[in-house]
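S.K.: missing the sequence, but the structure's below:
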């Protein structure tokens with residue numbers, strides 16, 4: 001019984017890390033035109049990937065009007 005309890009506690013403790021993030025490749029657009037080059041981010045959804053890509057481009061100092069992630 002103690003072993004079962006210990007296994008269950010480990011599953012709960014590490015369960016949050018088991019979420020699968022997807023790899024997204026994001027393209028930058030300026031004035032409605034693709035600019036070439038991409039960034040790669042890991043996120044659970046397309047909207048989260050877009051937010052992360054925008055932050056990444058901002059950190060890199062690139063002007064970005066919009067981002068498209070696939």
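M.R.: Nice, I can see it. Given the structure is predicted, the values throughout are model-derived calculations rather than measurements.

S.K.: which strand runs longest in this structure?
M.R.: strand 33-43 (DSSP state E).

S.K.: the next helix or strand after it - contacts with which helices or strands?
M.R.: For strand 33-43, the following helix or strand on the C-terminal side (DSSP states H and E) is helix 46-60. Using 3 or more CB pairs under 8 Å, 6 or more residues apart in numbering; DSSP states H and E as the contact test, the elements touching helix 46-60 are strand 22-30, strand 33-43, strand 66-69. Where you see a C-beta, it was placed from the backbone N, CA and C, and this is true even at glycine.

S.K.: for residue 55, find the nearest of the ones you listed.
M.R.: In terms of CB to CB, the element of the helices and strands packed on helix 46-60 nearest to residue 55 is strand 33-43, at 8.9 Å.

S.K.: what residues sit buried inside the closest one?
M.R.: For strand 33-43, the neighbour count (16 or more other CB atoms under 10 Å) marks 38-39, 41, 43 as buried.

S.K.: for stretch 60-70, same thing?
M.R.: Within stretch 60-70, the residues that qualify as buried by neighbour count (16+ other CB under 10 Å) are 64, 67, 69.

S.K.: how much space between the second one and residue 39?
M.R.: When CB to CB, to the nearest Å is the yardstick, residue 67 and residue 39 sit 9 Å from each other.

S.K.: now do the contacts for residue 67.
M.R.: With contact set as CB atoms under 8 Å, 6 or more residues apart in numbering, residue 67 has these partners: 26-29, 50, 53-54, 57.

S.K.: any idea how far residue 38 is from it?
M.R.: On the measure of CB to CB, residue 67 and residue 38 end up 10 Å apart.

S.K.: residue closest to the middle of the protein?
M.R.: Compute the mean C-alpha point of the chain, and by CA atoms, centre = their mean the closest residue is residue 43, 2.3 Å away.

S.K.: could you give the bridge partners of that one?
M.R.: Per DSSP bridges, residues listed as beta-bridge partners of residue 43: residue 22.
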